[in-house]
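Asks: Structure for this input, please:
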Amino acid sequence: MKNKYLFRGLLPIAALFHGFASAQTLVHYWNFNNNASVAAITTPTVSLLNGSISAVSTGTGNTDTFIDFAGGTAQNFNIQNLNARNGDPSGTHLRYNFPINGNVQFSLPTTGYNGVVVKFTTRRSGSGAGTQNWSYSLDGTNFTAYQTVTTLDANPQLITFDFSSVTGVSNNPNFKLKVEFATGAGGNVGNNRFDNFTVDANPISGADTTAPTVTYSPANNTNNASTTLNPTIAFNENIRLVDNSAITDLNAQNLVELRSNNDAGSPVPFTTTFADNKITVIPTGGLIPNQAYYLALKPNMVEDASNNAVTAATSSSFATAGTTVSFDKTFIKVNEDAGTLAFKININNPSNATVNLAVKPAPFSTADSSDFTLSNQTITITPATTSAIVNIPITDDTLAEQQAEYFVLGLENAVGTSISGDALSTVYIIDNDKQAPTASK
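Replies: Numbers count the residues shown, from 1 in each chain. Below you'll find the model as predicted:
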């Protein structure tokens, strides 16, 4: 008898421990009790993985499809307050008006979890859609039909979707549910309502739940980037497409945005390569000097081997350096009998621009037109110009002059470019006409 009483006494304790052992983690939860705005009522009460809700809206008129955030009251949701968690009061609920013309999508990442179970309560108004057609997505874009729910113009009913045996739902950062509406036994107007929407699941022991880290080059807010570089997007681990296929030089182009100025700017044509977990973006016409650019990896396109997708929007905004011109040398010596001096001007980040090359007269120079031939001139720069060579004839006369005469050249009146470094360059002409002195006896 004692053993029987002992056994009976242990039963509640065993049941309690079984409850603890079988309890799932509340991964996402909406109680819809904050009805201050659409943003407020669709913000999760609990979400370990950044869940979200979006809904088609055609306006807020009497015949529009939209979330009526302030209208989710009464309708007997408070009678049983089914599926409420954490002792939450019944409060308000999500009311979707004229649902027949729209749909509601629930973004429900399950990264690091399996055994996914979704629950919610729902009902309709007398003239609201009588059928809810639910589908799920594994990639966040394409949906597969899952279950049809017949909604009632009565007390809210509790609906349970058990996805524990549906392949691909577990450990999936792109898992979504979508509900669309049909007339069924209801009507084409009215509303459908939802409350206490939850996702419960089991943590996967030792699972990798961290998405790849994205690194941009040039980094965000970089200025004076070289126009010769090809921007890159690098990852800290092996990545693939979210459909588990490999990333290639060709399809990497679909993962990236490159625009002028900002995220609303004009698209910049480019090709891509992919190697060593790095996407290299090659602008078709190169980067333009003194131009702002926006480079972004599209979200929900790549993932690691553990199905952790890069779901957040990431980007880099950078600006290229402007065109600059400079003297290759600011001090040059040339022999009088050299014939011609090839005088070089360097151009960085070339674009359409001009700069004047001016011969500076005395007192800057001691040499004159009898010693060299050069007049003031305009150097025209194009995007293909990386340097300019000005050939200066040097006059080999027979006059004995000072050992070295010189003339000075200057860069002036830059248009579409700026002058870098010293704007003056001095050229020394080494005389070859002085007789060597005669040795005395």
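
Asks: Please identify the buried residues of stretch 338-349?
Replies: Under the neighbour-count criterion of 16 or more other C-beta atoms under 10 Å, stretch 338-349 has A338, L341, F343, I345, I347, N348, N349 buried. From N, CA and C alone the C-beta is placed, and that goes for glycine too.

Asks: so where is the stretch 51-200 of the chain shaky, pLDDT-wise?
Replies: Along the stretch 51-200 of the chain, no part satisfies pLDDT under 70.

Asks: just the strands in it please.
Replies: For the stretch 51-200 of the chain, strands defined by DSSP state E, counting those that start in this stretch occupy the ranges 52-55, 66-67, 94-97, 103-107, 113-124, 131-137, 143-150, 157-162, 176-182, 191-203.

Asks: Can you say which of the ones you listed is packed in most?
Replies: Mean neighbour count (mean count of other C-beta atoms under 10 Å) peaks for strand 94-97 among the strands of the stretch 51-200 of the chain, with a mean of 26.

Asks: name the helices or strands packed onto that strand?
Replies: strand 66-67, strand 191-203 (3 or more C-beta pairs under 8 Å, 6 or more residues apart in numbering; DSSP states H and E).

Asks: hmm, 6 Å instead?
Replies: strand 191-203 (3 or more C-beta pairs under 6 Å, 6 or more residues apart in numbering; DSSP states H and E).

Asks: what's the angle between the strand it packs on and strand 157-162?
Replies: 40 degrees (axes from the mean of the first three to the mean of the last three C-alpha atoms, to 10 degrees).

Asks: Next, format the strands of the stretch 51-200 of the chain as JSON lines and append distance to P361.
Replies: Below are those laid out as JSON lines (distance: least, C-beta to C-beta, whole Å):
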{"stretch": "strand 52-55", "distance to P361": "73"}
{"stretch": "strand 66-67", "distance to P361": "78"}
{"stretch": "strand 94-97", "distance to P361": "83"}
{"stretch": "strand 103-107", "distance to P361": "74"}
{"stretch": "strand 113-124", "distance to P361": "82"}
{"stretch": "strand 131-137", "distance to P361": "77"}
{"stretch": "strand 143-150", "distance to P361": "79"}
{"stretch": "strand 157-162", "distance to P361": "89"}
{"stretch": "strand 176-182", "distance to P361": "77"}
{"stretch": "strand 191-203", "distance to P361": "83"}
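
Asks: Ok, which of those comes nearest N81?
Replies: Closest of the strands of the stretch 51-200 of the chain to N81 is strand 191-203, at 7.4 Å (criterion: C-beta to C-beta).

Asks: any idea how far that closest one is from the chain center?
Replies: 30 Å (C-alpha atoms, centre = their mean, to the nearest Å).

Asks: Make TSV out of the buried residues of stretch 338-349 and add pLDDT.
Replies: Shown next, in TSV, are the buried residues of stretch 338-349 (pLDDT from 0 to 100):
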residue	pLDDT
A338	91
L341	95
F343	96
I345	96
I347	93
N348	90
N349	87
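
Asks: Looking at those, which one is closest to F372?
Replies: So of the buried residues of stretch 338-349, ranked by how close each gets to F372 (C-beta to C-beta), first place is L341, at 7.8 Å.

Asks: Can I get the strand or helix carrying the closest one in PDB, CA atoms only?
Replies: Taking DSSP states H and E as the criterion, the element that holds L341 is strand 340-348. In PDB, the C-alpha atoms belonging to strand 340-348 read as follows (Å, rounded to 0.1, in the frame of the first residue of the first chain):
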ATOM      1  CA  THR A 340      64.200  67.800 -77.100                       C
ATOM      2  CA  LEU A 341      63.000  67.500 -73.500                       C
ATOM      3  CA  ALA A 342      60.000  65.300 -73.000                       C
ATOM      4  CA  PHE A 343      58.300  67.100 -70.100                       C
ATOM      5  CA  LYS A 344      55.800  64.900 -68.300                       C
ATOM      6  CA  ILE A 345      52.600  65.900 -66.400                       C
ATOM      7  CA  ASN A 346      50.900  63.200 -64.300                       C
ATOM      8  CA  ILE A 347      47.100  62.900 -64.100                       C
ATOM      9  CA  ASN A 348      45.300  61.000 -61.400                       C
END
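
Asks: Report the angle between the following helix or strand past it and strand 340-348.
Replies: Using DSSP H and E, the helix or strand that follows strand 340-348 in sequence is strand 353-360. Angle of strand 353-360 versus strand 340-348, following the same axes, to 10 degrees, is 140 degrees.

Asks: Show me what whichever helix or strand comes after strand 353-360 pairs with in its sheet, parallel or antiparallel.
Replies: Moving toward the C-terminus from strand 353-360, the next helix or strand (DSSP H and E) is strand 377-381. Next to strand 377-381 in the sheet, as set by DSSP bridges, lie strand 353-360 (antiparallel).

Asks: what's in contact with the strand it pairs with?
Replies: By C-beta atoms under 6 Å, 6 or more residues apart in numbering, the residues outside strand 353-360 that reach it are 323, 325, 374, 376-381, 408, 410-417.

Asks: Show me how far that strand is from its chain's centre.
Replies: 43 Å.

Asks: cool, and stretch 346-363?
Replies: Using C-alpha atoms, centre = their mean, the offset of stretch 346-363 from its chain centre is 40 Å.

Asks: Next, the buried residues of it.
Replies: I347, N348, N349, P350, S351, A353, V355, L357, A358, V359, K360.

Asks: now stretch 420-437
Replies: S420, A423, S425, T426, V427, Y428, I429, D431.

Asks: would you put the C-alpha positions of it in CSV?
Replies: Taking C-alpha atoms only, stretch 420-437 is exported to CSV below (Å, rounded to 0.1, in the frame of the first residue of the first chain):
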residue,chain,number,x,y,z
SER,A,420,48.4,68.6,-56.7
GLY,A,421,51.8,69.4,-55.2
ASP,A,422,54.1,72.2,-56.4
ALA,A,423,52.6,74.2,-59.3
LEU,A,424,56.0,75.2,-60.6
SER,A,425,58.8,73.2,-62.2
THR,A,426,62.3,74.5,-63.0
VAL,A,427,64.3,73.3,-66.0
TYR,A,428,68.0,73.9,-66.1
ILE,A,429,69.8,74.0,-69.5
ILE,A,430,73.4,73.0,-69.0
ASP,A,431,75.6,75.0,-71.5
ASN,A,432,78.1,73.2,-73.7
ASP,A,433,79.8,76.2,-75.4
LYS,A,434,82.4,77.5,-72.9
GLN,A,435,86.0,76.7,-73.9
ALA,A,436,87.9,74.7,-71.4
PRO,A,437,90.7,76.8,-69.9
